[in-house]
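Peer 1: Need coordinates for the following:
(chains A and B)
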Amino acid sequence: MPDLRDRFYITTSIAYANNRPGLHTLYEVIGADALARWYRMCGVPTRFQTGTDEHSVNIAMRAAEEGRSPRDFVDAQVALFRAAEDALFISPDRFIRTTDADHVRAAQEMVRRAHANGDIYPGIYEGWYCPNEGFRNATDVTETAAGTICPNHPDVPLQWLSERNWFFRLSAYQERLERWFEDNPDLVQPDHRRNEMLGFIRGGLEDFSISRPDSGWGIPFPILPDGSGAQLADGSWDPAGGTIYVWYDALINYITGAGFPDDPAAFARWWPADLHVIGKDIARFHTIFWPAMLWSAGLEAPRKVWVHGWLLAQGERMSKSRGNFLEPIDFVAAFGSDGARYVALREAGFDRDSDVSWDVFTRRYNADLANDFGNFVNRTVSMAGRYLGGERPAPRDAAESPLGAAWPAVRDQFVAKLEGCLLHEALAALWEFVGAGNRFVEAEQPWVIARAVKAGEEGAAERMRGVLGDLVEACRLVALAVAPVMPGMAPRVMQQLGHEYAYDADGNGGPAILDELRWGAHAGEAGTLAAAVPLFPRIEVETVLDGEVPEAMGPA
RNA sequence: GGCUGGGUAGCUCAGUUGGCAGAGCAAGCGGCUCAUAAUCGCUAGGUCACAGGUUCGAGUCCUGUCCCAGCUACCA
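Peer 2: This next block holds a predicted model:
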């Protein structure tokens, strides 16, 4: 059962607006959206935030290449993200952009607080600089006869650059971080990620730089090296202050969205976040840098960080640069919005890397959605219409019904896995019940009962109503439970079953879902079933093989 | 190199405190007909990476070897 809090604040990491969205980046958003919808349906006031990270020299360069202003460039990128998220039924309460005015204020305020607390200081940042990629890690460069190069651009000699930057005193927080990890084993999950982070902390923490020279595209650093304010009399910012570098910009989005610093009441309500959902590549920044930054500002650290894995294609991480990504729009076109969400969350484990392919997604869609669940609803509605004239039969008491007796354990398992962020396992638990439903049909054979009814056998009609009532109820429960994952499907099923669907498009507004997920919750209410309409048309594999397959994801 | 986690049926993976190797999908066969050629039942003979060891008995513990992945700080 969920820990019924007074509110739930959940975030995804913000996507780097340098590239168009791919399914591998939206995968995290789909998972977080499903969780957000679940808490909304539980009746917990929920705030779900996702968005885009829009500053960086890289983005300014990309914009310049296209002959546009950075602002025009990111606006166009953001439109692509929003369109893809709309297609996937993503329901953010706030889509935050790091170029938003309130975010700029939040980031600057965080810098001021760190400064006031003595946690930042001017220093020298130096290292090998690649004109294409910026500063390179010492372990990423190679010494050659021609000079020092980075592996991605062997023709471009690296330059040794020194910059005068501000540094954050992360080293001062080592003990507190270590204690924080030790005292809260559930804070960073899964466990192996937690262990990695803890090991990193124990290995010693260095300060990190948080400013860069002014590039014309970034949040102005609000303090000059001498400690005075960087804002000029006319309200503009002194370029000599430079800009805030990535982590004191991007990470801040989570508190901006909660109301920091403009709306103290909202901030008090929503912060600290209950759950940051992030990818494993940025675990360190979210579980080590971020808490320290918050503490420095006198704020609380997030309550939980969930680190998911990557989608892999033939063993390699999906990415734009590799070209082995999946276009979200193609994905939705093939599987539908609900189907796309389902197969992504069911096929890839939310706690680890998962190899996926167009083929396994298609198989999963056909097996789970078309055959198992879609057909289960279809045959149930069809039989109820044919044998009972469309009057919705009531389920029997759980004690008299195999399905009713099995349901509570299924539901509990589903809820436990879902709230534990093991979304794929939650769905698997639910689908066990779908299988039980189909087996129940075979065991009872309503078409045989129909003949008995026709022959006037005593008790046959009652048996028919009981069996079909159980089946209708099973359809209702599964459709409702899986609504956070397939929000478009649930109302369609309810309509066919003659039940009301009381939730808004984003999952708000309805009764507490746990009450609705009781066997027989609406047993006493009359209703009329609609005509059976297939929910998930089968996808013929031949169709997939023939065309419309993104090249990168098609059959090898 | 160091640390961590893995290598189990064609594919994806479960395997609790050591006790006759499991599930789903795919494939083959059979049944049924309410249903989206769906569904239900049966079938799968996998040296549980490899080699040793402990034990009455090891996928499950110990040692060694091979292979894979992750982490080993400033990329968003």
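Peer 1: Can you measure across stretch A:283-296, start residue to end residue?
Peer 2: Start-to-end span of stretch A:283-296 (Cα to Cα, to the nearest Å) is 19 Å.
Peer 1: what about that stretch and RNA strand B, any contact?
Peer 2: Yes: Stretch A:283-296 comes into contact with RNA strand B (Cβ under 7 Å from any atom of the strand), by way of A:R284, A:F285. C-betas here are computed from N, CA, C, even on glycine.
Peer 1: Could you pull up the mean pLDDT of that stretch?
Peer 2: Taken as a whole, stretch A:283-296 has an average pLDDT of 96.
Peer 1: So which residues make contact with it?
Peer 2: The contact list for stretch A:283-296, computed with Cβ atoms under 8 Å, 6 or more residues apart in numbering, reads A:13, A:110, A:113-114, A:117, A:119, A:168-170, A:172-173, A:176-177, A:180, A:187-188, A:193-194, A:196-197, A:200-201, A:205, A:208, A:247-248, A:251, A:255, A:272, A:276, A:278, A:300-302, A:305, A:307.
Peer 1: What count of nearby residues applies to A:E300?
Peer 2: Around A:E300 there are 11 other residues, counting by other Cβ atoms under 10 Å.
Peer 1: Which residue is the nearest non-sequential neighbour of it?
Peer 2: In this structure, A:E300 finds its nearest non-sequential neighbour in A:P272, 4.2 Å apart by Cβ to Cβ, 6 or more residues apart in numbering.
Peer 1: Looks like that neighbour contacts A:A301 (just checking).
Peer 2: Yes: with contacts counted by Cβ atoms under 8 Å, A:P272 reaches A:A301, the gap being 6.3 Å.
Peer 1: how about low-confidence regions in the stretch 151-300 of chain A?
Peer 2: A:151-156 (pLDDT under 70).
Peer 1: For it, which residues are neighbours of RNA strand B?
Peer 2: So far as Cβ under 7 Å from any atom of the strand goes, the stretch 151-300 of chain A lies against RNA strand B at A:170, A:192, A:195-196, A:199-200, A:203-209, A:245-246, A:249-250, A:280-282, A:284-285.
Peer 1: what sits against the nearest residue to A:I244 once chain neighbours are set aside?
Peer 2: Leaving aside its chain neighbours, A:I244 sits nearest to A:I219 (4.4 Å; criterion: Cβ to Cβ, 6+ apart). By Cβ under 8 Å, 6+ apart, the contact set of A:I219 is A:H55, A:T98, A:V104, A:A107, A:Q108, A:T243, A:I244, A:D249.
Peer 1: Turn the residues you listed into TSV, columns for neighbour count and secondary structure.
Peer 2: Output for the contacts of A:I219, formatted as TSV (neighbours: other Cβ atoms under 10 Å; DSSP: H, G, I helix; E, B strand; the rest coil):
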residue	neighbour count	secondary structure
A:H55	28	coil
A:T98	26	coil
A:V104	20	helix
A:A107	28	helix
A:Q108	23	helix
A:T243	24	strand
A:I244	26	strand
A:D249	26	helix
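Peer 1: Out of those residues, which is nearest to A:D504?
Peer 2: Of all those, A:D504 sits closest to A:T98, with 28.7 Å by Cβ to Cβ.
Peer 1: Tell me where the stretch 301-450 of chain A has strands.
Peer 2: Taking DSSP state E, counting those that start in this stretch to define them, one finds strands in the stretch 301-450 of chain A at A:305-308, A:311-313, A:316-317, A:354-355.
Peer 1: who's in contact with the residue nearest to A:A531 when sequence neighbours are not counted?
Peer 2: Using Cβ to Cβ, 6+ apart and skipping the chain neighbours, the partner closest in space to A:A531 is A:G385 (6.9 Å). Counting by Cβ under 8 Å, 6+ apart, A:G385 makes contact with A:L529, A:A531, A:A532.
Peer 1: Distance check, A:G385 against RNA strand B.
Peer 2: Distance of A:G385 to RNA strand B, given as Cβ to the nearest atom of the strand, to the nearest Å: 8 Å.
Peer 1: Surely A:P157 and A:T148 touch.
Peer 2: Yes: A:P157 is within contact range of A:T148, at 7.1 Å (criterion: Cβ under 8 Å).
Peer 1: Please report phi then psi for the residue nearest to A:E300.
Peer 2: A:P272 adopts backbone torsions of phi -80, psi 160, taken as degrees, to the nearest 10.
Peer 1: What is the nearest of the contacts of A:I219 to A:D6?
Peer 2: Lowest distance from A:D6 to those (Cβ to Cβ) belongs to A:A107, with 28.1 Å.
Peer 1: The closest one: what's it in contact with?
Peer 2: Per Cβ under 8 Å, 6+ apart, neighbours of A:A107: A:T98, A:I219, A:I244, A:Y248, A:D249, A:I252, A:T256.
Peer 1: farthest pair in the residues you listed?
Peer 2: For the contacts of A:A107, the maximum inter-member distance is 12.9 Å, found between A:I244 and A:T256 (Cβ to Cβ).
Peer 1: Return the member of the strands of the stretch 301-450 of chain A having the minimum mean pLDDT.
Peer 2: strand A:316-317 (a mean of 82).
Peer 1: Would you agree A:A32 falls within a helix?
Peer 2: Yes: counting by DSSP: H, G, I helix; E, B strand; the rest coil, one finds A:A32 located in a helix.
Peer 1: can you map out the helices along the stretch 251-400 of chain A?
Peer 2: Using DSSP state H, counting those that start in this stretch, the helices of the stretch 251-400 of chain A run over residues A:253-256, A:264-270, A:283-284, A:290-296, A:328-347, A:358-364, A:375-388.
Peer 1: ranking those by burial, who's on top?
Peer 2: Highest mean neighbour count among these (mean count of other Cβ atoms under 10 Å): helix A:253-256, with a mean of 26.
Peer 1: Only alpha carbons, please: show that helix as CSV.
Peer 2: This file holds the C-alpha atoms of helix A:253-256, laid out as CSV (Å, rounded to 0.1, in the frame of the first residue of the first chain):
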residue,chain,number,x,y,z
ASN,A,253,15.5,23.2,-12.1
TYR,A,254,14.1,20.9,-9.4
ILE,A,255,13.7,23.6,-6.9
THR,A,256,12.7,26.3,-9.4
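Peer 1: by contact count, what packs against that helix?
Peer 2: Contact partners of helix A:253-256 among helices and strands, from 3 or more Cβ pairs under 8 Å, 6 or more residues apart in numbering; DSSP states H and E: strand A:46-53, helix A:101-116.
Peer 1: out of the ones you listed, deepest packed?
Peer 2: Among the helices and strands packed on helix A:253-256, strand A:46-53 has the highest mean neighbour count (mean count of other Cβ under 10 Å), at a mean of 25.
Peer 1: next SSE after it?
Peer 2: Per DSSP states H and E, the first helix or strand lying C-terminal to strand A:46-53 is helix A:57-65.
Peer 1: Whether that next one contacts RNA strand B - can you check?
Peer 2: Yes: residues of helix A:57-65 contacting RNA strand B under Cβ under 7 Å from any atom of the strand: A:V57, A:N58.
Peer 1: how much distance is there from that helix to the middle of the chain?
Peer 2: Put simply, helix A:57-65 sits 28 Å off its chain's centre (Cα atoms, centre = their mean, to the nearest Å).
Peer 1: Which elements pack onto it?
Peer 2: With contacts taken as 3+ Cβ pairs under 8 Å, 6+ apart, helix A:57-65 sits against helix A:70-87.
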